[in-house]
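A.B. asks: A structural model of the following input is requested.
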Amino acid sequence: MTYGAKIIAQALHDLDVKIIFGLPGLPVTDIAQEGLNLGIRFVSFRNEQAAVYAATAYGYLTGKPGVCISVGGPGVFHVMAGIPHAAANSWPLLVLSGSSETHNLGKGAFQEVDAISLLSPHAKLAVRPGGPEHIPRFIKDAYRAAYFGRPGPAFVDLPANLILGTFDVERQKLSPLTEAPCSVAPENKIRDIMDAFKTAKAPLVVIGKGAAYARAEQQITNLINRTGLPFVPTPMGKGVVPDSSPFNVSAARSTALKEADVILVLGAKLNWILAFGLPPKWSSNAKIIQVDISAEELGKNGGHSSLSVVGDVALVVDQLVSHLGDWRWQAQPTSFHRNLEAAKSRNEEKAAKKAAIDTMPIKYERAYDII
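C.D. replies: Below is the predicted model of the structure:
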């Protein structure tokens, strides 16, 4: 006879889960305890919303699903804040929530909530195992859904009788999911992308959060340094290539986006942060080349380019570098380069003037300059 909470904890342990975030409470407290018995660390919070945000951050930083547990009813509503948050950011998240006993459904059971109907529109997968023998497979399916492809949230509803009951079921050992599948781009597309850049008058690289998630720092820095291509990071793409790079044109961001004619978008959604890839912020004649892990993202909002590819950012950039040869963008004679330098100078001068204002209370520009 095996305790239901132990079946759940064993499944998480098999999947190489190292840490669980959550708030202890019936019926999920025993999942945390059984996890501790197997060496899984448990970090407790005072509210499930804080716990699920921590799990999403953990998922982004590690590249594997952060795991959060919660009680049913109000606990589900509290973790719900983190589920669309993970979906919008494409961060891997697995939420396990307790729920009312299956034999009391529809009777007004303690904290009864139809969590599956509530969360299905917002999660990549939302499931409820029908019996103890299904628990390991359902947890693995949800973990894989959160992890593979475009990362996002997955949800498993665990009725209290499955958590707290004891069952005569065979131990189902799960094989760990050590890494998500990664793909490269077709070689002919890589050659065509490089040809587009070699004929561009105003090329630009946009570095997004997906590039940071892919840990493509080395590959993209190599591409930028070898080609001399100007780049703009999104707010969460900052740091993939150092801000101190001479090819960073963030100070001339508006000019760069508006005048660029060939734009390589590495792991960035064409959403509000990038003005949707549309005029007037972007040139109507710009050729936008997206590299994204999700095919559905290609061509969204901005004009679709036949050169856009589905693939892992780090691997695709490695492919691009392999086709470079000794080519380097010769920027100095172009009006695009002159306009970028002029815009950078104007904006940096404005920033320097603001940073020099020494008043009380201190302005944030001055504080940043001192730091």
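A.B. asks: need the contact list for Arg226.
C.D. replies: Applying CB atoms under 8 Å, 6 or more residues apart in numbering to Arg226 gives the contacts Val321, Leu324, Arg328. Using the backbone N, CA and C atoms, a C-beta is placed for each residue, glycine as well.
A.B. asks: Distance from the helix or strand harbouring it to the middle of the chain?
C.D. replies: Element membership for Arg226, per DSSP states H and E: helix 217-227. Relative to the chain's own centre, helix 217-227 is displaced by 22 Å; criterion: CA atoms, centre = their mean, to the nearest Å.
A.B. asks: for the record, mean pLDDT for the next helix or strand after it?
C.D. replies: Reading on from helix 217-227 to the C-terminus, the next helix or strand found by DSSP H and E is strand 231-233. In this model, strand 231-233 has an average pLDDT of 98.
A.B. asks: Sort out which residues of the next helix-or-strand element following strand 231-233 are buried, please.
C.D. replies: Using DSSP H and E, the helix or strand that follows strand 231-233 in sequence is helix 253-259. By neighbour count on 16 or more other CB atoms under 10 Å, the buried set for helix 253-259 is Arg253, Thr255, Ala256, Leu257, Lys258, Glu259.
A.B. asks: what's the burial count for Thr102?
C.D. replies: Using other CB atoms under 10 Å, Thr102 has 14 other residues around it.
A.B. asks: Mind picking the lowest-pLDDT entry from the contacts of Arg226?
C.D. replies: Leu324 (89).
A.B. asks: Please tell me how far that one sits from Ile224.
C.D. replies: From Leu324 across to Ile224, the span is 12 Å (CB to CB, to the nearest Å).
A.B. asks: do the same with Trp329
C.D. replies: Distance, Trp329 to Ile224, by CB to CB: 10 Å.
A.B. asks: quick one, strands of the protein?
C.D. replies: Secondary structure of the chain, counting by DSSP state E: strands at 2-3, 19-22, 41-44, 66-70, 93-99, 125-127, 153-159, 166-167, 203-207, 231-233, 262-266, 287-292, 309-310.
A.B. asks: same question for the fifth one, mean pLDDT?
C.D. replies: Okay, so that is strand 93-99. The model assigns strand 93-99 a mean pLDDT of 95.
A.B. asks: Check which helices and strands it sits against.
C.D. replies: The contact analysis (3 or more CB pairs under 8 Å, 6 or more residues apart in numbering; DSSP states H and E) places strand 93-99 against helix 48-62, strand 66-70, helix 74-79, helix 82-89, helix 135-147, strand 153-159, helix 160-164.
A.B. asks: Taking their axis directions, that strand and helix 48-62 sit at what angle?
C.D. replies: Computed by axes from the mean of the first three to the mean of the last three CA atoms, to 10 degrees, the angle separating strand 93-99 from helix 48-62 equals 150 degrees.
A.B. asks: next one: strand 93-99 to chain centre, how far?
C.D. replies: 19 Å.
A.B. asks: Pick the most buried one from the helices and strands packed on strand 93-99.
C.D. replies: Mean neighbours per residue, mean count of other CB atoms under 10 Å, is largest over the helices and strands packed on strand 93-99 for strand 66-70, with a mean of 29.
A.B. asks: show me where pLDDT drops low in the chain?
C.D. replies: Flagging of the chain using pLDDT under 70 yields the residue ranges 104, 109, 303-304.
A.B. asks: How is it partitioned into domains?
C.D. replies: Annotated domains of the chain cover 2-167, 187-332 [automatic domain parsing].
A.B. asks: For Gly311, see how far away Trp270 is.
C.D. replies: Careful, residue 270 is Leu and not Trp. Plainly put, Leu270 is 17 Å away from Gly311 if you go by CB to CB.
A.B. asks: the longest helix in this protein is where?
C.D. replies: Secondary structure of the chain read by DSSP state H shows that its longest helix is helix 335-355.
A.B. asks: That one packs against which elements?
C.D. replies: The contact analysis (3+ CB pairs under 8 Å, 6+ apart) places helix 335-355 against helix 253-259, helix 364-370.
A.B. asks: With only the CA atoms kept, save that helix in CSV.
C.D. replies: Taking C-alpha atoms only, helix 335-355 is exported to CSV below (Å, rounded to 0.1, in the frame of the first residue of the first chain):
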residue,chain,number,x,y,z
SER,A,335,23.5,57.3,-43.8
PHE,A,336,22.1,54.8,-41.4
HIS,A,337,25.3,54.7,-39.4
ARG,A,338,25.5,58.5,-39.4
ASN,A,339,21.9,58.8,-38.2
LEU,A,340,22.5,56.3,-35.5
GLU,A,341,25.6,58.1,-34.2
ALA,A,342,23.8,61.5,-34.3
ALA,A,343,20.8,60.1,-32.4
LYS,A,344,23.1,58.4,-29.8
SER,A,345,25.0,61.6,-29.2
ARG,A,346,21.8,63.7,-28.8
ASN,A,347,20.2,61.2,-26.4
GLU,A,348,23.3,60.6,-24.4
GLU,A,349,23.9,64.3,-24.0
LYS,A,350,20.3,64.7,-22.7
ALA,A,351,20.8,61.9,-20.3
ALA,A,352,24.1,63.3,-19.1
LYS,A,353,22.5,66.7,-18.3
LYS,A,354,19.7,65.0,-16.3
ALA,A,355,22.3,63.0,-14.4
